[in-house]
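Chemist: have a look at this fold, sequence not included:
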């Protein structure tokens with residue numbers, strides 16, 4: 001005992017502090033526990049309490065309460081729309097943070113994927129209940145909303161902020177996306193033409209068989225597109241000139257890392273799940289909201305529902321465009337349309353096949369023609385690789401024409417069975 005005290009005294013005499021072993025063992029667990037808890041609280045404060053739009057978050061739980069306590073379908077529809085809006089905006093924020101770690105190409109793909117997760121879950125839920133026309137119209141509306149409204153608002157906002165110059169983006173990537181969209185139009189057009197020309201070998205069966213075969217081909221094409229995008233080959237196609245390089249560097253300098261990569265991934269998963277929950281109540285209230293608001297179900301499915309579902313892409317595309325990062329904007333908006341047309345719609349056909357539902361690619365002539373004209377207009381506006389507020393304003397006006405068309409359009413539900 002005396003020797004131990006002498007050794008401790010010698011160490012203190014040499015200026016070395018001897019830690020209290022008992023005190024250290026009691027402090028370390030609390031310190032190691034305090035750091036993760038503090039990190040979680042900091043992440044919650046950053047994501048939840050830094051956006052004024054999150055004042056609309058209480059509308060989410062209010063939607064669930066109204067759904068189980070009242071029959072006010074119009075209010076349920078309105079509250080669910082308001083509740084999803086801030087969640088979608090935060091989804092765009094989390095994806096923007098993740099894009100800092102993954103790069104613009106993978107970041108745009110992730111944004112499109114998480115943005116379309118809601119539509120895919122809604123589609124599978126509706127397919128399970130045999131609501132094939134709701135699936136078709138909502139997915140078609142998502143494509144139209146992304147290509148016209150989202151891209152239009154992004155180009156308009158970016159053009160206003162950078163009004164003294166034309167913003168540029170990769171022409172090659174835009175052309176590839178336009179080609180895939182035209183391929184999707186081809187896949188949707190032939191089953192509709194086959195049905196309405198009454199030229200099927202087997203009435204009803206040939207249309208479904210062709211849709212399932214075309215869906216498998218479209219899935220293969222989209223998988224090839226993903227490999228092409230993520231293999232690094234596309235880097236040689238995205239060089240627009242020497243002026244783009246300092247522009248990208250300046251954009252990277254403006255980025256601020258506020259949450260870690262795994263925190264961003266966690267928030268993406270949590271927000272996607274919560275959006276999907278509210279979207280289910282939103283879909284269930286469509287028919288009741290149509291009666292109470294005196295709006296056609298087709299207008300709600302094609303116009304109103306996709307505006308909420310695409311809020312994530314909408315917010316993200318505008319944010320990136322205002323930061324002069326048009327390649328990510330195109331990847332988010334046009335990439336989302338490509339993903340819905342080449343992956344989500346064929347995937348729903350295959351899932352319906354496994355469920356025993358006759359989900360096909362016959363979206364009716366009116367919807368197919370609308371999609372065809374929309375793809376042509378957007379492809380022509382994107383072919384020069386230049387964006388400005390005039391192009392954005394033109395796309396917004398085109399979307400208003402489409403919205404007015406569906407407002408006066410009656411869905412020929414009985415023709416499906418003829």
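Modeler: Thanks, I have it. None of the values given here were measured: they were computed from a predicted structure. Numbering: from 1, shown residues only.
Chemist: now for this protein, the helix or strand with the poorest mean pLDDT.
Modeler: Among the helices and strands of the chain, helix 244-254 carries the lowest confidence by mean pLDDT, DSSP states H and E, at a mean of 41.
Chemist: check which element follows it along the chain.
Modeler: The helix or strand immediately downstream of helix 244-254 is helix 261-284, counting by DSSP states H and E.
Chemist: need the three-state assignment for residue 358.
Modeler: For residue 358, the assignment made with DSSP: H, G, I helix; E, B strand; the rest coil gives coil.
Chemist: for it, give me phi and psi.
Modeler: Backbone geometry at residue 358, expressed as degrees, to the nearest 10, gives phi -90, psi 60.
Chemist: what does residue 386 give?
Modeler: As for residue 386, its main-chain torsions (degrees, to the nearest 10) stand at phi -120, psi 140.
Chemist: which one is residue 367 nearest to, not counting chain neighbours?
Modeler: residue 140 (5.3 Å; Cβ to Cβ, 6 or more residues apart in numbering). (C-beta placed from N, C-alpha, C; glycine too.)
Chemist: right, and the one you found touches residue 371 too?
Modeler: Yes: using Cβ atoms under 8 Å, residue 140 is in contact with residue 371, at 6.3 Å.
Chemist: next SSE after the helix or strand where the residue nearest to residue 367 lies?
Modeler: Element membership for residue 140 (DSSP H and E) is helix 132-144. The first helix or strand that comes after helix 132-144 along the chain, using DSSP H and E, is helix 151-161.
Chemist: mean confidence score for whichever helix or strand comes after that following helix?
Modeler: Sequence order places strand 167-168 as the next helix or strand after helix 151-161, per DSSP H and E. For strand 167-168, the mean pLDDT works out to 88.
Chemist: so what secondary structure elements neighbour strand 167-168?
Modeler: Applying 3 or more Cβ pairs under 8 Å, 6 or more residues apart in numbering; DSSP states H and E, one finds that strand 167-168 contacts helix 151-161, strand 386-387.
Chemist: what's the overlap in contacts for residue 140 and residue 371?
Modeler: Common neighbours of residue 140 and residue 371 (criterion: Cβ atoms under 8 Å, 6 or more residues apart in numbering): residue 363.
Chemist: specify the angle between the longest helix along the chain and helix 261-284 in degrees.
Modeler: Criterion DSSP state H: the longest helix present in the chain is helix 73-102. Computed by axes from the mean of the first three to the mean of the last three Cα atoms, to 10 degrees, the angle separating helix 73-102 from helix 261-284 equals 160 degrees.
Chemist: tell me the buried residues in helix 73-102?
Modeler: Residues 73-100 are the ones in helix 73-102 that count as buried (16 or more other Cβ atoms under 10 Å).
Chemist: over to stretch 288-308?
Modeler: Within stretch 288-308, the residues that count as buried by 16+ other Cβ under 10 Å are 288-290, 292, 295-308.
Chemist: how long is that stretch end to end?
Modeler: End-to-end distance for stretch 288-308, by Cα to Cα, to the nearest Å: 18 Å.
Chemist: from the chain's centre, how far out does that stretch sit?
Modeler: With Cα atoms, centre = their mean, to the nearest Å as the basis, stretch 288-308 stands 20 Å off its chain's centre.
Chemist: contact partners of it?
Modeler: Taking Cβ under 8 Å, 6+ apart as the rule, stretch 288-308 contacts 71-74, 76-78, 80-81, 84-85, 88, 119, 133-134, 137-138, 140-142, 144-146, 149, 279, 282-283, 286-287, 314, 367, 402-403, 406-407, 409-411.
Chemist: now which of those would you call buried?
Modeler: Using 16+ other Cβ under 10 Å as the burial test, these include 72-74, 76-78, 80-81, 84-85, 88, 119, 133-134, 137-138, 140-142, 144-146, 149, 279, 282-283, 286, 314, 367, 402-403, 406, 409, 411 as buried.
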